[in-house]
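Enquirer: Give me coordinates for this.
(chains A and B)
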2 protein chains.
Amino acid sequence: MPHFMDALAAAVRAKRSPLMVGLDPRLASLPDAIRPEAEAPPAVVAESFRVFCCGVVDAVADLTPIVKPQAAFFEQLGPAGMGALGAVIEHARAAGLLVCVDGKRNDIGSTAEAYADGWLGRSSAWGGDALTVSPYLGDDSLEPFTKLAAERDAGVFVLVKTSNPGGKLWQDRQIDGRPLYRHVGEHVESLAAAAAADCGYGVAGAVVGATYPEQLAELRAAMPHTWFLIPGFGAQGGSAADTAGGFDANGLGAVVNSSRGVIFAHAKPEHAGRDWQDAVRAAAAEAVEQFRAETPTGGL
Amino acid sequence: MPHFMDALAAAVRAKRSPLMVGLDPRLASLPDAIRPEAEAPPAVVAESFRVFCCGVVDAVADLTPIVKPQAAFFEQLGPAGMGALGAVIEHARAAGLLVCVDGKRNDIGSTAEAYADGWLGRSSAWGGDALTVSPYLGDDSLEPFTKLAAERDAGVFVLVKTSNPGGKLWQDRQIDGRPLYRHVGEHVESLAAAAAADCGYGVAGAVVGATYPEQLAELRAAMPHTWFLIPGFGAQGGSAADTAGGFDANGLGAVVNSSRGVIFAHAKPEHAGRDWQDAVRAAAAEAVEQFRAETPTGGL
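Expert: Presented below is the predicted three-dimensional model:
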């Protein structure tokens, strides 16, 4: 494998798409054809999650460089759900996609090493390529992730400026004249710059929400070696134009996640009566067209 | 079930013990009698983790009110490890213990709800009583946890001041004249005060490290409704006396975690040749004696 960020850059270029499809299975939102009853046992629900997420992967594989399974929805089902998560990661890899598990994990020292060992790289137990990580525990909690990511051609995306309204409670507080998220961003940038790939981006990436376009552009300028994972597009209110500031001049440096807006497209009125995978594919294609029209990715 | 904090207070009183035993299984550190070879497949290692952790539970059940399985070490094994985690939680409950899963989870909005639904309360998929949660995502990310914890007689422990050296990088930075951890602590205290149990403590607890005794005492005074989960005792350098400031005058308000110092006691020279469960039990009993001698718990 090449460096994860080189693999990501190459996939974005090859597909002319910065779309990251978020795999957030929710029982109540599954298409009729595969939705078990509300009282179904966890193992049955887990199997429906597996079928659904693998079906989404098949529908979007040529439109997206990377998928992001959300650990929470699999964990919600207990151990059975975790088996489904493993199967979904494997299916996405087999479909030629990169996989970033959204777990927002972290802990101290040797415990962080255990998370990193479990989640980072195709030789790991879960077999994904990247993981989202939370920064509250400080620099020594991030180091095991970036170290192992470098060794295994994997990636790490650290929460910097999150897309939710409440994120500002502490992230936007001023410390020595700059908000906390800038301090976290600068530390992530230093980690990224220390281990940059041929494409110019390092193993440490950052999560920066589409719902704050000004801060997104500010952080893009301040973090030139840091690839951004941008949530908040679509259902959360961010537009493709809102994400434009997260890209570099070459149309690289960012992937934009869409979960509900793509994977549950079958429920939109305009897709009524359509096969659910066709609806997913149409929604993904529409998002990609928006990115090509309204962000520097259009120049790829 | 009573309110989780009432159940915890009652168990601490009944056992005259604030010891929380951390279940952090690591392959290389398992006792010879149950350690598989280093190259054993994940399912074999997972089974050894289950046997080990259940054996620890059996050895300490009358010495500790609560155990804390560390999710990272189970996750490190992939899906097989998660099955073992579920079995360990079930065994600890059957042994009459409360269970706090150390997952340091969090996410935004409906995703946080999924984590809360999966982990909180005995009716949940994992069946534990409490979960550790990370605060970086702000107030709206914590709300689903405290809301569901109140509904299900479960508990939440939010990271406030962590025990690792790097925790200070952002937690100790000054915002309006007080460190970030104080701001986080005050928010957690407001959540705790809003839903206090008969014992006076609320569903929201806080993680505050034993390695910073002054801050521990400072936060105890500032957070009268917030039960503390205190890591950092033993292997990380904190002594029983260092934890004294985390308790209230009645000897309640805190549990102190010990992981390696208890569960891997068989490797200590003084326990050479002893049955590993006897060594675990002796180490736990020794810790409890230290808490009785050097903290307000001795007055219980």
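Enquirer: What is the end-to-end distance of stretch A:218-233?
Expert: Start-to-end span of stretch A:218-233 (Cα to Cα, to the nearest Å) is 18 Å.
Enquirer: Stretch A:119-134 now?
Expert: Terminal-residue distance, stretch A:119-134 (Cα to Cα): 14 Å.
Enquirer: in that stretch, what counts as buried?
Expert: For stretch A:119-134, a neighbour-count test (16 or more other Cβ atoms under 10 Å in any protein chain shown) marks A:119-121, A:124-134 as buried. Where C-beta positions appear, they are placed from N, C-alpha and C, glycine not excepted.
Enquirer: Ok, stretch A:233-250 next?
Expert: A:233-234, A:236, A:238, A:240, A:242-248.
Enquirer: Of all residues in the stretch 151-300 of chain A, which one is closest to chain B?
Expert: A:Gly166 (3.1 Å; Cβ to the nearest Cβ).
Enquirer: B:Asp140 is in contact with that residue, correct?
Expert: Yes: with contact taken as Cβ atoms under 8 Å, A:Gly166 and B:Asp140 are classed as touching, separated by 3.1 Å.
Enquirer: can you pull the contacts of the closest residue to A:Pro25 other than its chain neighbours?
Expert: Among residues not flanking A:Pro25 along the chain, A:Phe49 sits closest, at 4.1 Å (Cβ to Cβ, 6 or more residues apart in numbering or on different chains). Shown in contact with A:Phe49 (Cβ atoms under 8 Å, 6 or more residues apart in numbering or on different chains): A:25, A:73-74, A:77, A:81, A:84, A:88.
Enquirer: How far away from the center of its chain is whichever strand or helix holds A:Phe49?
Expert: Per DSSP states H and E: A:Phe49 is located in helix A:42-60. Relative to its chain's centre, helix A:42-60 lies at 18 Å (Cα atoms, centre = their mean, to the nearest Å).
Enquirer: try stretch A:13-28
Expert: That offset, for stretch A:13-28, works out to 8 Å (Cα atoms, centre = their mean).
Enquirer: Please apply the same query to stretch A:215-232.
Expert: Counting by Cα atoms, centre = their mean, stretch A:215-232 comes out at 14 Å from the chain centroid.
Enquirer: which regions of the stretch 151-300 of chain A lie under the pLDDT threshold?
Expert: Along the stretch 151-300 of chain A, the model assigns pLDDT under 70 to no residue.
Enquirer: how about the helices of it, start to end?
Expert: A:168-171, A:180-194, A:213-222, A:240-243, A:260-263, A:276-294 (DSSP state H, counting those that start in this stretch).
Enquirer: Point out the most buried one among the ones you listed.
Expert: When the helices of the stretch 151-300 of chain A are scored by mean count of other Cβ atoms under 10 Å in any protein chain shown, the highest mean neighbour count falls to helix A:260-263 (a mean of 24).
Enquirer: Any part of that one near chain B?
Expert: No: using Cβ under 8 Å from any Cβ of the partner chain, we find that helix A:260-263 stays clear of chain B, coming within 9.3 Å at best.
Enquirer: Can you pull out the residues in contact with that helix?
Expert: So helix A:260-263 is contacted by A:19, A:21-25, A:29, A:52, A:56, A:60, A:233-235, A:280, A:283-284, A:287 (Cβ under 8 Å, 6+ apart).
Enquirer: swap the cut-off to 6 Å and go again
Expert: A:21, A:56, A:234-235, A:283-284 (Cβ atoms under 6 Å, 6 or more residues apart in numbering or on different chains).
Enquirer: what's the answer for stretch A:50-69, then?
Expert: A:11-12, A:15, A:17, A:19-23, A:25, A:30, A:34, A:84-85, A:87-88, A:91-92, A:95, A:97-102, A:255, A:257, A:263, A:277, A:280-281, A:284-285, A:288.
Enquirer: Now that we have those residues, which of them are buried?
Expert: Here, 16+ other Cβ under 10 Å leaves A:11-12, A:15, A:17, A:19-23, A:25, A:30, A:84-85, A:87-88, A:91-92, A:95, A:97-102, A:255, A:257, A:263, A:277, A:280-281, A:284-285, A:288 buried among these.
Enquirer: Narrow these to those in helices?
Expert: A:11-12, A:15, A:84-85, A:87-88, A:91-92, A:263, A:277, A:280-281, A:284-285, A:288 (DSSP state H).
Enquirer: now A:Gly109, nearest residue through space, not along the chain?
Expert: Per Cβ to Cβ, 6+ apart, closest to A:Gly109 is B:Asn164, 6.2 Å.
Enquirer: Looks like the one you found contacts A:Asp107 (just checking).
Expert: No: applying Cβ atoms under 6 Å, one finds B:Asn164 not in contact with A:Asp107, separated by 8.9 Å.
Enquirer: residues contacting A:Arg16?
Expert: For A:Arg16, the contact set (Cβ under 6 Å, 6+ apart) comprises A:Leu300.
Enquirer: no no, A:Arg152
Expert: A:120-121.
Enquirer: now do 10 Å
Expert: A:1, A:4, A:116-117, A:120-124, A:129, A:203 (Cβ atoms under 10 Å, 6 or more residues apart in numbering or on different chains).
Enquirer: filter those residues by proximity to chain B?
Expert: By Cβ under 10 Å from any Cβ of the partner chain, the members of the contacts of A:Arg152 lying near chain B are A:116-117, A:124.
Enquirer: Can you convert those residues into CSV and add a column each for distance to B:Gln215 and secondary structure?
Expert: As requested, the ones next to chain B among the contacts of A:Arg152 are arranged in CSV below (distance: Cβ to Cβ, whole Å; DSSP: H, G, I helix; E, B strand; the rest coil):
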residue, distance to B:Gln215, secondary structure
A:Ala116, 28, helix
A:Asp117, 31, helix
A:Ser124, 36, coil
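Enquirer: isn't the residue nearest to A:Gly109 right up against B:Ala210?
Expert: No: using Cβ atoms under 10 Å, B:Asn164 is not in contact with B:Ala210, being 11.7 Å away.
Enquirer: Could you pull out the residues contacting both of those two?
Expert: B:231-232, B:236.
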